[in-house]
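1. coords below, sequence missing:
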């Protein structure tokens, strides 16, 4: 990390959601799955920061239980990390990012914090927004990236932009963070303009973040510092001390820091972003075949359209059905109509019992 | 076979249809599958003639390739056959029945010819109809059983009844055989009355059948006779000579004999019969659960109704879908809406390529 002008990507790979059940599971969460091509979303996140004039080696922060998956997928890409930080327990994003910030040798180092389970189609647009925002981060702004909303989505938080920041090319002071709204509130924001989806992607100096954390969540900072002081280090693998880290309150960076801090900026960007939060959204970001189905694996579709069919090892044949998500994984098969895939959690919960 | 008044059941188990694909296959045709309970339709056909005051041991006629399946299923029921006749090649029903008739030592023996892949719910009603028809068969009538139609079905042949047969309790001279009609013709027959579905179940003396065959299909009779003369016999297993039997024209008993013969009777009966000719018809004869789904195996159904779900070894979860046939077998899965399950053959054919 001897390139002061390079940015250190911080890839958060600790999620273990079940919204893409039965394929995404606690054992193999969605960021490690090849759902939309030959590479996993974790691998695509790594690819997104293979720009040597912009990015240094990344810091990966993730659950210890998924480390073998992460190592295997990085090895297959022949790529390296500056550090792998293995969270001893899950404490949400704010403490995880603190671990990464504390691992930076240079406190002025700018970090690009990214979830590893999102899709960004236009990587150039994304990197341009990062480049434009770098001077702000260096000037100690906490920069968020605001995705241009494509509809009154109720599944995301929103960021309202305030005044343009003088000297920036296209960034605004963040005026307000809005939690996931209902449909009506979402539509009002769309109508009003100047609101962006909060994609959970951030750019700031390590010390800016740690200072804000010290101000708004001092016990979280203390727990992270202690766990790093007592960490086991083996080459570039860092295992923070479990009992110290367990004392950190579990909270998101949005709640713990961003909604409270003063010098928060938002850079609008429209990079074809999706959090792939449901089978429906996977269908939407995928390229359909000539029958307008999105299929993977051994699928025969006759007079069938607008289906998402993930066959895994099965040989799936459909005739005369439309608008279904048909998802196989191992011996598990799930069928839900398009538009109802947010109810997958209900199925997963019942199946867990 | 020393009971002159007993009837010899002749169970035709040579079918290998794919209308219940992917579960029914050439290797394991539907009569050997447990689709509607703990016993296969072949086993239920055997059960149907376990009435010692009415039936002698049955003669089973089936493909040599399915003999191990038939033996295994009979052994599990601890039941026996008078003869197993292993067809060396498939020549449709008329030649198969000829083999059974030639195996009868007593030419006056009355045979009850039945497919092994149908369901009959009211076995008493069926046996009563057989009992009532036995004197007609002994008097050299070729008796058919006519199923009371429940709708203008286009998938079955129809038999028009003529004059009542004097001295019979409830049988008629068969006036006309109608091939599978179109919807309009089927409705006309229903409106006219006096038409019955042809279930392919017959009662006649062995010699009555062989005489009719000699008259209307002499080359078929000759081929069957020759193949039985040259047959390999081992205990009660008969393997007719292949090259002789191969010379028999392939034809159904309906076309070869029943539509042409003079002394053909029809006994109407309403025994809850189904040929289980499609997944739709399997759904119709099955008992639905309290969500009105028919399921077998590990199925979780949430807000889902009127589905037929055959899970085989899979763990199938559905939410918000209705009126689907969801059928798994091994690594094969098929989904077609209710009412379209006759198109399964199209899928099976494409999958075979």
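-> Nice, thanks for sending it over. All values derive from a computational prediction rather than experimental measurement. Residues are numbered from 1 along each chain as shown, chains lettered A, B, ... in the order given.
2. quick test: name the residue nearest the centre of chain A.
-> residue A:115 (2.2 Å; Cα atoms, centre = their mean).
3. wait, it sits on residue A:14?
-> No: at 9.3 Å, residue A:115 does not count as touching residue A:14 under the criterion of Cβ atoms under 8 Å. Heads up, the C-betas are built off the backbone N, CA and C, glycines and all.
4. still on that earlier bit, OK, contacts around the residue nearest to the centre of chain A?
-> Shown in contact with residue A:115 (Cβ atoms under 8 Å, 6 or more residues apart in numbering or on different chains): A:12, A:15, A:31, A:45, A:200, A:201, A:275.
5. and of these, the nearest to residue B:352?
-> Nearest to residue B:352 among the contacts of residue A:115, counting by Cβ to Cβ, is residue A:31 at 39.3 Å.
6. measure how far stretch A:342-352 is from the centre of its chain, please.
-> Averaged C-alpha coordinates place stretch A:342-352 at 22 Å from its chain's average position (Cα atoms, centre = their mean, to the nearest Å).
7. for that stretch, buried residues please.
-> A:342, A:343, A:344, A:346, A:347, A:348, A:351 (16 or more other Cβ atoms under 10 Å in any protein chain shown).
8. ok, and of the residues you listed, which contact chain B?
-> A:343, A:344, A:346, A:347, A:351 (Cβ under 8 Å from any Cβ of the partner chain).
9. just for chain A, where's the confidence low?
-> Along chain A, segments meeting pLDDT under 70 span A:1-4.
10. which residues of it lie near chain B?
-> A:22, A:300, A:302, A:313-321, A:324, A:326, A:328, A:331-337, A:340, A:343-344, A:346-347, A:350-351.
11. try it again with 6 Å
-> A:314-321, A:331-337, A:340, A:343, A:347 (Cβ under 6 Å from any Cβ of the partner chain).
12. return the subset of these lying in strands.
-> The strands, defined by DSSP state E, take in A:314, A:315, A:316, A:317, A:318, A:319, A:332, A:333, A:334, A:335, A:336, A:337 from the residues of chain A next to chain B.
13. burial measure for the fifth one, as a count.
-> Put plainly, it is residue A:318. 26 (other Cβ atoms under 10 Å in any protein chain shown).
14. now do the third one
-> Residue crowding around residue A:316 was assessed by other Cβ under 10 Å; the count is 24.
15. got a PyMOL select line for the buried ones in the residues of chain A next to chain B?
-> The buried residues among the residues of chain A next to chain B can be selected in PyMOL (16+ other Cβ under 10 Å) with this line:
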select buried, chain A and resi 314+315+316+317+318+319+320+321+331+332+333+334+335+336+337+340+343+347
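16. tell me which stretches of the stretch 101-250 of chain A form strands.
-> For the stretch 101-250 of chain A, applying DSSP state E, counting those that start in this stretch gives strands covering A:110-115, A:119-120, A:142-147, A:158-164, A:172-178, A:195-205, A:232-234, A:237-239.
17. out of those strands, nearest to residue B:87?
-> strand A:119-120 (58.8 Å).
18. looking at the contacts of residue A:115, which are in strands?
-> Short answer: the contacts of residue A:115 in strands (DSSP E) are A:12, A:200, A:201.
19. want to throw these into CSV with neighbour count and distance to residue B:230?
-> Shown next, in CSV, are these (neighbours: other Cβ atoms under 10 Å in any protein chain shown; distance: Cβ to Cβ, whole Å):
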residue, neighbour count, distance to residue B:230
A:12, 24, 79
A:200, 21, 81
A:201, 23, 83
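20. what is the nearest of the residues you listed to chain B?
-> residue A:200 (28.1 Å; Cβ to the nearest Cβ).
21. in contact with the closest one, which residues?
-> Counting by Cβ atoms under 6 Å, 6 or more residues apart in numbering or on different chains, residue A:200 makes contact with residue A:115.
22. kindly list the longest helix within chain A.
-> Across chain A, the longest stretch assigned as helix under DSSP state H is helix A:123-138.
23. which ones are touching residue A:241?
-> Residue A:241 neighbours (Cβ under 6 Å, 6+ apart): A:227, A:230, A:231.
24. find the nearest non-adjacent residue to it, please.
-> residue A:230 (3.5 Å; Cβ to Cβ, 6 or more residues apart in numbering or on different chains).
25. ok, the one you found - how many residues close by?
-> 14.
26. just the element for residue A:17, please.
-> Here residue A:17 sits in a region with no helix or strand, counting by DSSP states H and E.
27. roughly how far does it sit from residue A:345?
-> In this view, residue A:17 and residue A:345 are 9 Å apart by Cβ to Cβ, to the nearest Å.
28. same question, residue A:248
-> On the measure of Cβ to Cβ, residue A:248 and residue A:345 end up 26 Å apart.
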